[in-house]
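Novice: this one's structure only:
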């Protein structure tokens, strides 16, 4: 403090910037007793429900760079968290946002981030109830999302049993193809504006035996579900749903290359769920009710391995895991490292 | 994915590192239905209480550097958040921790961070219920803390009125002096291992009319309380409590220099509370019950200004505000920028 005794408080600068960022966000909503602007938010959880909480970060140079529209960065930072709530069968309520901001960041860039964040929050009707801003070497957003679920109905990774069917939402591989130079806008959009499967997740709570969302690739993430549930899996590669545009994009590639983005590409933010065979009709009804495609792609078996059977009926070798800290090729993906994730891998 | 088709999953590396970090943390506790290891945590909030939520980050090169013991960094990252809950009169329950980790970070450094984080969590009996790890250019910890408070009893910044007394916990200025080269270990410890005033904050809920914790300096933070409550303040600089060690450290300095660390130094993480005069006996009893010093340092008045009266009875000029993004002198402080903070400054 002796550094700057008794000078006037700063005008503009940080405070004005934080102000503009904050004003762009939807701050009110269900249960927000006291939102942004105090030491902490006061929130009223829905009576009789459990809370669901998760945190995730997107970091410049790791998950995005200057080629990404700031609004896409803001959208995705929230959407990937909402996808985690979808995988729990929870409904989202509130977000807290911690911004890391390098010196000299153009205000327009922050305004874009706020706009994308706000758009995603409004789409899913959640309030940004708190936040923080700090200087940092690179732009980052660390988002905590809180939601609610009926007690006992949360979809965990560990509830599945051998014999359960493996089903997935939507289609796979476009997000991964969206990283390639010259990718069609639809693929790029899939990569940059993921749509969390919240409606399906909630509809499957109480029906599916286990679930997670796909950030690191279908096969790797299914492996996490299997490890947590103490089972193995057999996946029929040809059954993994892909779009017509995906088929056209990989037409002519060798079969394994044509399958790789869908099987291991990551960032699709679709759900992978385990469904006891007797409950498949209910699961299919839930999918219809929420207008979300749901496709059975395999089944859980005794053991530990995730095996993928290719178009020729032979087993494909397992794909690589993603190392969140080493990740040798600079990557723009939002693949996630979660504390304790290896506990599920044993 | 096409980058690394069908390779073996990584051994060691990130997963082992995350595993060791996670194992060091206390993960179970009140209301933790499902902790670390799934897509999200499931938490059971205490029935009939409101939630209190806040997020804060500590970033290498901004809030700490290589001179700081990793365990101190871990401790402080959590403690500054708990201080926010103290300022709300809440009791802490759970934390979620997002780590940013540069490539090549020595494992011992992360282990130290985990150790300090765990020590602070255990001290305050909270569970780390979730987390995330991401690559980043510099080491950072972004901590979200959740707590509980009885409905209607949260201590906000906005409840004070002209005529209320201004009181503070503990002593001021040592944390700031702890940044100076050659500072005594007690000052350095105060700077690096802040002790959130949780017991006092809870005891003052329902008694104090407003509260906040001091991160940016007593005068500046009191200004936030005044702006939120629509009042001004007069502070008696000589009444601001300082330790004997503080007095010795500033002995011989010109009066204004001797006062500056206590008035504007920041990072004391003491509470500043407004107390209606009729409730002062209750507040003092609460302080005694929690064995926390509480000292009246001024009063709230009509108007907007925070005026500090010096030892000679004259008003001191107002100190500088801290610009969280520009902060011209590289600082190792943990001063905080909160979303929407300027909304309280108008």
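Specialist: Yep, that arrived. Predicted model, so just to flag it, every value in this text is computed and none were measured.
Novice: Show me the helices in the stretch 51-200 of chain A, by range?
Specialist: Taking DSSP state H, counting those that start in this stretch, the helices of the stretch 51-200 of chain A run over residues A:70-88, A:107-123, A:174-177, A:185-192, A:198-204.
Novice: Looking at the ones you listed, spot the one closest to chain B.
Specialist: Closest of these to chain B is helix A:70-88, at 4.1 Å (criterion: C-beta to the nearest C-beta). Backbone N, C-alpha and C define where each C-beta goes, glycine included.
Novice: tell me what the closest one is packed against?
Specialist: Here helix A:70-88 touches strand A:50-59, strand A:91-101, helix A:107-123, strand A:140-149, helix A:185-192, helix A:198-204, strand A:210-213, going by 3 or more C-beta pairs under 8 Å, 6 or more residues apart in numbering or on different chains; DSSP states H and E.
Novice: count of residues packed around residue A:313?
Specialist: Residues lying near residue A:313 (other C-beta atoms under 10 Å in any protein chain shown) number 8.
Novice: Then residue A:288?
Specialist: 12.
Novice: you'd agree it is in a helix?
Specialist: Yes - assigned with DSSP: H, G, I helix; E, B strand; the rest coil, residue A:288 falls within a helix.
Novice: Looks like residue A:49 contacts residue A:149 (just checking).
Specialist: Yes - using C-beta atoms under 8 Å, residue A:49 is in contact with residue A:149, at 6.3 Å.
Novice: For the stretch 51-200 of chain A, which residue gets nearest to chain B?
Specialist: Closest approach between the stretch 51-200 of chain A and chain B, counting by C-beta to the nearest C-beta: residue A:131, at 3.1 Å.
Novice: Please identify which of residue A:49 and residue A:149 sits among more neighbours.
Specialist: Comparing residue A:49 with residue A:149 by other C-beta under 10 Å, the one with more neighbours is residue A:149, at 25 against 18.
Novice: and the residue lying closest to that one once chain neighbours are set aside, what pLDDT?
Specialist: Once flanking residues are discounted, residue A:149 sits nearest to residue A:90: 4.1 Å by C-beta to C-beta, 6 or more residues apart in numbering or on different chains. Here, the pLDDT recorded for residue A:90 equals 98.
Novice: that older thread, quick check: which of the helices of the stretch 51-200 of chain A is nearest to residue B:126?
Specialist: Among the helices of the stretch 51-200 of chain A, the nearest to residue B:126 by C-beta to C-beta is helix A:70-88 (21.4 Å).
Novice: so how far is the closest one off the chain centroid?
Specialist: 5 Å (C-alpha atoms, centre = their mean, to the nearest Å).
Novice: Next, the angle from it to strand A:91-101.
Specialist: 140 degrees (axes from the mean of the first three to the mean of the last three C-alpha atoms, to 10 degrees).
Novice: so where's the stretch 1-150 of chain A uncertain?
Specialist: Across the stretch 1-150 of chain A, residues meeting the criterion (pLDDT under 70) sit at A:1-15.
Novice: returning to what we had before: quick check: the residue of the stretch 51-200 of chain A closest to chain B vs residue A:143, distance?
Specialist: Residue A:131 is 9 Å from residue A:143, where distance means C-beta to C-beta, to the nearest Å.
Novice: which residues do those two both contact?
Specialist: Counting by C-beta atoms under 8 Å, 6 or more residues apart in numbering or on different chains, the common neighbours of residue A:131 and residue A:143 are A:96, A:97, A:98.
Novice: Those also near chain B: which ones?
Specialist: Restricting the shared contacts of residue A:131 and residue A:143 to those within reach of chain B (C-beta under 8 Å from any C-beta of the partner chain) leaves A:96, A:97, A:98.
Novice: If you rank the shared contacts of residue A:131 and residue A:143 by neighbours, which is first?
Specialist: Counting by other C-beta under 10 Å, top hit in the shared contacts of residue A:131 and residue A:143: residue A:96 with 30 neighbours.
Novice: quick one: that one and residue B:56 touch, right?
Specialist: No - the criterion here is C-beta under 8 Å, and residue A:96 misses it with residue B:56 at 9.9 Å.
Novice: so when I look at residue A:246, I'm seeing a helix, right?
Specialist: Yes - remark: residue A:246 belongs to a helix, assigned using three-state DSSP.
Novice: what about it, neighbour count?
Specialist: Applying other C-beta under 10 Å, we find 22 residues neighbouring residue A:246.
Novice: Per-residue pLDDT of it, please?
Specialist: If you check residue A:246, the pLDDT there is 97.
Novice: cool, residue A:341 as well?
Specialist: Reported pLDDT for residue A:341: 44.
Novice: likewise the one 3 residues further on?
Specialist: Among the per-residue scores, residue A:344 shows a pLDDT of 33.
Novice: How about residues contacting stretch A:100-113?
Specialist: Outside stretch A:100-113, the residues that touch it by C-beta under 8 Å, 6+ apart are A:17, A:20-21, A:24, A:59, A:69-71, A:73-74, A:77, A:99, A:133-142, B:57, B:59, B:100, B:140, B:325-326.
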